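Chemist: the sequence and its predicted three-dimensional model are supplied below.
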Amino acid sequence: MTDIKLYNTMAREKQVFTPIDPKNVRMYVCGPTVYDRAHLGNARPVVVFDVLYRLLRHVYGPDHVTYVRNFTDVDDKINATALQRKEAGAEGTLEELVHERSNETIGWYLQDMGALGALEPDEMPRATEFVGPMIAMIEDLIAKGHAYEAEGHVLFAVESYKNYGRLSGRSVDDMIAGARVEVAPYKKNPMDFVLWKPSTDDLPGWDSPWGRGRPGWHIECSAMSYELLGATFDIHGGGNDLQFPHHENEIAQSKCAHPDAGFANYWLHNEMLQVEGKKMSKSLGNFFTVHDLLEQGVPGEVIRFVFLGTHYRKPMDWTEKKAEQAFNTVRRWQAHAQAVGFGERGEGVGDNVEVIPGFVEALSDDLNTSLALTLLDRFEREYLREENVELDMVAQFSRSLRLIGLDGKRKDQNAFPEEIAAQFDKASAWSRIGTMIDAARTEKNFDEADRIRDAAKAAGFEVHTTKDGTILSETLDSDYSKLEGL
Ligand code: AMP
Ligand code: ZN
């Protein structure tokens, strides 16, 4: 089995990944706050951890990996939109409108991320569905002396956890000096953070031992990862910006609630995305959503390809030029892959199948996706541009594309523009005929199978029988119009 090496932020070095249980590899990634469309930067962790998820499934088997990514649906901005809608005369209670807004945003998110070729995690818990376990964890933290109640709030006492700051490498004193902490008279230490806070009557709230209120952000992930993955699991991921305070606080909560457990063994963080060399921001006018790009006709795979071109621990720059260049490459690659119809042959993602040489090793080296793309590029130039391409080579190539999520199997409707769609139609004709021949053979209708095969040959195609079924390949004489009536 290939060794996977990952850079563990906690250890500050690349380490060989050893799962607690290879039969159940567990990963938790902090998901979005669902108040609006995801911007392009939000998509980076999704693509990065999707690659890791796919690699883990490839190495350990698709049934032996559990990936959890939450939705934060307790948030002031969600409430604000709901309130605006109510004031504008929308029907329903405020709670219903809040729920409606989260649902709408979650729907968009899944659609947009699906367009980028991201597999859906095995579990996508919403914070609002786990308030009970959060309250239980807070009670436990109070009982163990790590948290205290003050003026309807419950705060975590950072001084009660000696390793506070270890992940991000800061001491509590440094943090106080450097951070913009919310000063509040009820805090014993300015760094103490909120586990629970009161809610006003007109906003969503839950009954608790400390009155009607709502959970803080950090306790969500501690409670949900515990419920779904246990007190110790393998990988915890998220953007760099979450290291402090979010992940630091998650660690403090989880380790204090379950002192004998390890919480997450490997911490992974992706660097930020910029646009044309600048931080993405509304005021610079370079802020856009994934949906905006898809609407402009940039295919999801092109966005994904550009992302994969930069190592996840480096800042990445989105430029139009990169997208343009990626467009042609992705188009050419997918035409190869779709041509043999492997995308439709029913092998599950992550099957431990043969990919191009060096591919899994590149990904296993702390997700060296840009090397993986280079290998694909070289392979394509070397083996797939000849007249008589070997099917095995195309198959390996196409399986590699699938492993990295560039195979074009997407859920969204945002298809490639017409000229490219036409290429794909051609391609699907190839696989369609192969499938028809296989179906006829399965039904022992050999005359029909031979008839289709002969017609395909007459149309200028070669017909190959492979272990994955019958496949057509193109020759210089191929005439697609002759396949149409078959
Ligand atoms: P949020 O919804 O703001 O909590 O962010 C969701 C995810 O997007 C987090 O993992 C953030 O780290 C990540 N994220 C936000 N902005 C960027 C960016 N510019 N580049 C990369 N990741 C980002
Ligand atoms: Zn989190």
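Modeler: Perfect, thanks for sending it. Ligands and ions are numbered 1, 2, ... in the order given.
Chemist: residue ranges with poor pLDDT in the protein?
Modeler: 179-181, 338-353, 387-388, 409-431, 466-468, 473-478, 480 (pLDDT under 70).
Chemist: and with 50 instead?
Modeler: Applying pLDDT under 50 to the chain flags the ranges 341-352, 410-421, 423-424.
Chemist: for the closest residue to ligand 2 within the stretch 351-486 of the chain, what are phi and psi?
Modeler: Residue nearest to ligand 2 within the stretch 351-486 of the chain (Cβ to the ion): L367, separated by 20.2 Å. Every C-beta, even on glycine, is put in place using the N, C-alpha and C of the backbone. Torsion angles at L367 (phi, psi; degrees, to the nearest 10) stand at phi 50, psi 60.
Chemist: so it makes contact with Y53?
Modeler: No: L367 is not in contact with Y53 according to Cβ atoms under 8 Å; the separation is 10.9 Å.
Chemist: between these two, which one's more packed in?
Modeler: Per other Cβ atoms under 10 Å, whichever of L367 and Y53 has more neighbours is Y53, with 28 against 25.
Chemist: state the helix or strand in which that one lies.
Modeler: For Y53, the enclosing helix or strand under DSSP states H and E is helix 40-60.
Chemist: and that helix, how far out from the chain middle?
Modeler: 5 Å (Cα atoms, centre = their mean, to the nearest Å).
Chemist: after that helix, next one along is what?
Modeler: strand 65-69.
Chemist: would the following helix or strand past that following strand count as contacting ligand 1?
Modeler: Next helix or strand after strand 65-69 toward the C-terminus (DSSP H and E): helix 76-87. No: if you take Cβ under 6 Å from any ligand atom as the test, helix 76-87 misses ligand 1, and the best it gets is 10.0 Å.
Chemist: neighbouring contacts of helix 76-87?
Modeler: Applying Cβ atoms under 8 Å, 6 or more residues apart in numbering, the external contacts of helix 76-87 come out as 33-36, 92, 94, 97-98, 100-102, 105, 203-204.
Chemist: report the buried residues of that helix.
Modeler: Using 16 or more other Cβ atoms under 10 Å as the test for burial, helix 76-87 gives 78-79, 81-83, 85-86.
Chemist: give me the residues contacting stretch 273-289.
Modeler: So stretch 273-289 is contacted by 37-41, 43-44, 112, 272, 315-320 (Cβ under 8 Å, 6+ apart).
Chemist: in the stretch 101-250 of the chain, what residue spans correspond to helices?
Modeler: 131-143, 172-178, 217-229, 248-257 (DSSP state H, counting those that start in this stretch).
Chemist: and of these, who's closest to ligand 1?
Modeler: helix 217-229 (8.5 Å; Cβ to the nearest ligand atom).
Chemist: ok, is that closest one in contact with ligand 1 or not?
Modeler: No: for helix 217-229, no contact with ligand 1 is found by Cβ under 6 Å from any ligand atom; the gap never falls below 8.5 Å.
Chemist: quick one: residues in contact with that helix.
Modeler: With Cβ under 8 Å, 6+ apart, helix 217-229 has contacts from 26, 28, 30, 66, 68, 70, 72, 74, 123, 125, 127, 130, 133-134, 136-138, 193, 195-196, 233, 236, 245-246, 249-250, 253-254, 257-258, 264.
Chemist: again with stretch 10-18
Modeler: By Cβ under 8 Å, 6+ apart, stretch 10-18 touches 3-8, 166-167, 234-235, 266-267, 366.
Chemist: in strands, which of those appear?
Modeler: 5-8, 234-235, 266-267 (DSSP state E).
Chemist: just the buried subset of these, please.
Modeler: Buried among the ones in strands among the contacts of stretch 10-18 by 16+ other Cβ under 10 Å: 5-8, 234-235, 266-267.
Chemist: in JSON lines: the residues you listed, plus distance to ligand 2.
Modeler: Formatted as JSON lines, these follow (distance: Cβ to the ion, whole Å):
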{"residue": "K5", "distance to ligand 2": "24"}
{"residue": "L6", "distance to ligand 2": "18"}
{"residue": "Y7", "distance to ligand 2": "19"}
{"residue": "N8", "distance to ligand 2": "17"}
{"residue": "D234", "distance to ligand 2": "16"}
{"residue": "I235", "distance to ligand 2": "13"}
{"residue": "Y266", "distance to ligand 2": "15"}
{"residue": "W267", "distance to ligand 2": "11"}
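Chemist: before we move on, back to that, show me which of the contacts of helix 217-229 neighbour ligand 1.
Modeler: Answer for the contacts of helix 217-229 near ligand 1 (Cβ under 6 Å from any ligand atom): C30.
Chemist: any quick PyMOL command for the buried ones out of the contacts of helix 217-229?
Modeler: Here is the PyMOL selection string for the buried members of the contacts of helix 217-229, based on 16+ other Cβ under 10 Å:
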select buried, resi 26+28+30+66+68+70+72+74+125+127+130+133+134+137+138+193+195+196+233+236+245+246+249+250+253+254+257+258+264
